[in-house]
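>>> Please find the sequence and the predicted model below.
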Amino acid sequence: DMAEPIQQLTRNNNPQERQSIPFTLIQRKEKLGDLLYEKRQYGKAKWACIRMKEKQYEQSICLGFMKLMRYICEQNSSGLYLGITVPIVTIVHTNEAQSAMTQAVTVAYYLPEVLQDEPPHPFDSDIIIEEWPATIVYSR
């Protein structure tokens, strides 16, 4: 049931329609002229988050992203398309000893600036709106 919204986003792959999250660049790592990653600091903000724990890490990310896309594409209390912000963040969780990754991941969508004060409520009870403090993110 997400085919149409994804096709629409792909057809209208217009960078102006995507809101970049404001950040401060802390570090940029390149190798032979290719960007490997950036270390960024994002300010305090509200995010729509979903925690997933499927058998495979990639499944968790995909299913979490699809649920967030439903929220973005009208399955919210406003009934409106919320707009895309980039990047969509994936948080990898580790065990208590922080020695290994767990199967659980959190996929998070930064709510656009115009929705920060009053974010629409998700219809999916697995999605929660969280206010994050200033946050460090590694981006590829």
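Okay, I see it. Residues are numbered from 1 along each chain as shown.

>>> for the closest residue to Thr106 other than its chain neighbours, what are its contacts?
Residue nearest to Thr106 in three dimensions, not counting chain neighbours: Ile91, with 4.1 Å by C-beta to C-beta, 6 or more residues apart in numbering. Yep, even glycine has a C-beta here, placed from its N, CA and C like the rest. Applying C-beta atoms under 8 Å, 6 or more residues apart in numbering, one finds that Ile91 lies in contact with 105-108.

>>> Please tell me how far Ser125 sits from Arg40.
With distances taken as C-beta to C-beta, to the nearest Å, Ser125 is found 31 Å from Arg40.

>>> I meant to write Val107 there.
Using C-beta to C-beta, Val107 is found at 18 Å from Arg40.

>>> Same drill for these two, tell me which one is more crowded.
Higher neighbour count among Val107 and Arg40: Val107, with 24 against 19, using other C-beta atoms under 10 Å.

>>> Am I right that the more buried one is in a strand?
Yes. Secondary structure assignment (DSSP: H, G, I helix; E, B strand; the rest coil) places Val107 inside a strand.

>>> Give me the neighbour count for the residue nearest to it when sequence neighbours are not counted.
If the residues on either side of it in the chain are set aside, Val107 comes closest to Gly64, at 3.3 Å by C-beta to C-beta, 6+ apart. Residue crowding around Gly64 was assessed by other C-beta under 10 Å; the count is 25.

>>> pretty sure Gly64 is touching Lys53, no?
No. If you go by C-beta atoms under 8 Å, Gly64 and Lys53 don't touch, sitting 9.8 Å apart.

>>> and for the two, which residues touch both?
When contacts are counted by C-beta under 8 Å, 6+ apart, Gly64 and Lys53 have Val105 as shared neighbours.

>>> what's the longest helix in the chain?
Of all the elements of type helix in the chain, the one with the most residues (DSSP state H) is helix 57-72.

>>> For stretch 108-115, which residues meet the burial criterion?
Within stretch 108-115, the residues scored as buried using 16 or more other C-beta atoms under 10 Å are 108-111, 115.

>>> If anything else comes up later, I'll come back, but that's it for now.
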